[in-house]
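Peer 1: no sequence for this one, just the structure:
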């Protein structure tokens, strides 16, 4: 297993603290980069304004701002990073909307661990030409 080691900073935005912790644990086992957490879209926007964030994982349904709304604001701020939208109600319409705001992809909850790792790896590769993980190459 090859570990991806870099100065990458990943932000998880989800109103469910248990889900954030699970994603953190999965990603920490595979990657060595800083992982930050917020509980809503508004906090994600504030965080991106204050800190350099390289990739964002966003729950679709958070209080006040949805994941799509958050991506739109980041795009308007010229602060759009690779954004991965995570949702329990995946639909063709949501995928079209996500594509229109330049989301990297949409993942269906519950997210399989390997799929999460592969998707993060692919997003980093596409955005920054980072090496792909061994799992992705297999």
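Peer 2: Sure thing, it's come through. Please read these numbers as outputs of a predicted model, since none were measured by experiment.
Peer 1: okay, the closest residue to residue 54 other than its chain neighbours and residue 97: tell me how far apart.
Peer 2: With Cβ to Cβ, 6 or more residues apart in numbering as the criterion, residue 54 has its nearest non-adjacent residue at 4.8 Å, and that residue is residue 8. Quick note: C-beta positions are derived from backbone N, CA and C, even for glycine. Per Cβ to Cβ, to the nearest Å, residue 8 is found 27 Å from residue 97.
Peer 1: mind listing the strands for the protein?
Peer 2: 4-13, 31-38, 55-59, 83-87, 105-108 (DSSP state E).
Peer 1: save these as TSV, and put in mean pLDDT too.
Peer 2: Listed next are the strands of the chain as TSV, based on pLDDT from 0 to 100:
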stretch	mean pLDDT
strand 4-13	79
strand 31-38	93
strand 55-59	97
strand 83-87	97
strand 105-108	96
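Peer 1: need the winner for burial among those strands.
Peer 2: Among these, ranked by average contacts under mean count of other Cβ atoms under 10 Å, first place goes to strand 55-59 (a mean of 26).
Peer 1: what angle separates that strand from strand 83-87?
Peer 2: Counting by axes from the mean of the first three to the mean of the last three Cα atoms, to 10 degrees, strand 55-59 lies at 20 degrees to strand 83-87.
Peer 1: just checking, what packs against strand 55-59?
Peer 2: strand 4-13, helix 41-50, helix 67-76, strand 83-87, helix 113-128 (3 or more Cβ pairs under 8 Å, 6 or more residues apart in numbering; DSSP states H and E).
Peer 1: with distance to residue 21 as added columns, please give the ones you listed in a markdown table.
Peer 2: Output for the helices and strands packed on strand 55-59, formatted as a markdown table (distance: least, Cβ to Cβ, whole Å):
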| stretch | distance to residue 21 |
| --- | --- |
| strand 4-13 | 9 |
| helix 41-50 | 16 |
| helix 67-76 | 18 |
| strand 83-87 | 14 |
| helix 113-128 | 14 |
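Peer 1: nice, that's everything, thank you.
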